[in-house]
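Undergrad: Return atomic coordinates for the entry below.
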Amino acid sequence: MAYHVTPERAKFAQDLALRLKNSRVKSGLTHVEMAHALGYATSTTVAKWEMGTSLPPHYMLADVADLLGVSLDFLLRGQHSPRPRHSWRSAGVVCYQS
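TA: Numbering: from 1, shown residues only. Have a look, this model is predicted:
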């Protein structure tokens with residue numbers, strides 16, 4: 001089964017790879033240290049993320065962001081400030097206990 005990579009996905013992977021590498025270097029971690037902290041035996045996986053040849057699994061993104069000291073928003077979108085949060089209360093949502 002052939003897998004088609006859209007230009008948008010390729011750009012996302014390149015941008016994510018660059019943010020991962022820059023954040024890792026800024027945090028002072030080596031490939032090996034980052035890999036071990038995330039439960040990987042070798043640094044190959046982290047190196048592939050930074051080259052853009054593979055992506056971190058979705059269930060691990062929050063751990064990667066925490067380890068690197070960046071927000072998930074920054075890791076995925078490159079945005080330093082979080083998007084405005086809307087409270088469920090301000091949206092008029094009412095919860096009832098039975």
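Undergrad: as a whole number, average confidence for the helix or strand hosting Leu67?
TA: Element membership of Leu67, judged by DSSP states H and E, is helix 61-68. Average pLDDT, helix 61-68: 95.
Undergrad: go on, stretch 14-32?
TA: The model assigns stretch 14-32 a mean pLDDT of 95.
Undergrad: Can you point out the buried residues in it?
TA: Neighbour counts over stretch 14-32 (16 or more other C-beta atoms under 10 Å) mark 16-17, 19-21, 23-24, 29, 31 as buried. (Glycine included, C-beta is placed from N, CA and C.)
Undergrad: Could you do stretch 27-47 as well?
TA: 29, 31, 34-35, 43, 45-47.
Undergrad: how long is that stretch end to end?
TA: Using C-alpha to C-alpha, to the nearest Å, one end of stretch 27-47 lies 16 Å from the other.
Undergrad: what do you get for stretch 23-33?
TA: First residue to last in stretch 23-33 (C-alpha to C-alpha) measures 14 Å.
Undergrad: One more: stretch 45-60?
TA: 13 Å.
Undergrad: Centre of the chain to it, how far?
TA: How far stretch 45-60 lies from its chain's middle: 9 Å, per C-alpha atoms, centre = their mean, to the nearest Å.
Undergrad: So which bits of it are buried?
TA: By 16+ other C-beta under 10 Å, the buried positions in stretch 45-60 come out as 45-47, 49-50, 52, 55-56.
Undergrad: if we can go back for a sec, would a markdown table of the buried residues of stretch 14-32 with secondary structure and distance to Arg9 be doable?
TA: As requested, the buried residues of stretch 14-32 are exported to a markdown table (DSSP: H, G, I helix; E, B strand; the rest coil; distance: C-beta to C-beta, whole Å):
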| residue | secondary structure | distance to Arg9 |
| --- | --- | --- |
| Leu16 | helix | 10 |
| Ala17 | helix | 12 |
| Arg19 | helix | 16 |
| Leu20 | helix | 16 |
| Lys21 | helix | 19 |
| Ser23 | helix | 21 |
| Arg24 | helix | 22 |
| Leu29 | coil | 27 |
| His31 | helix | 24 |
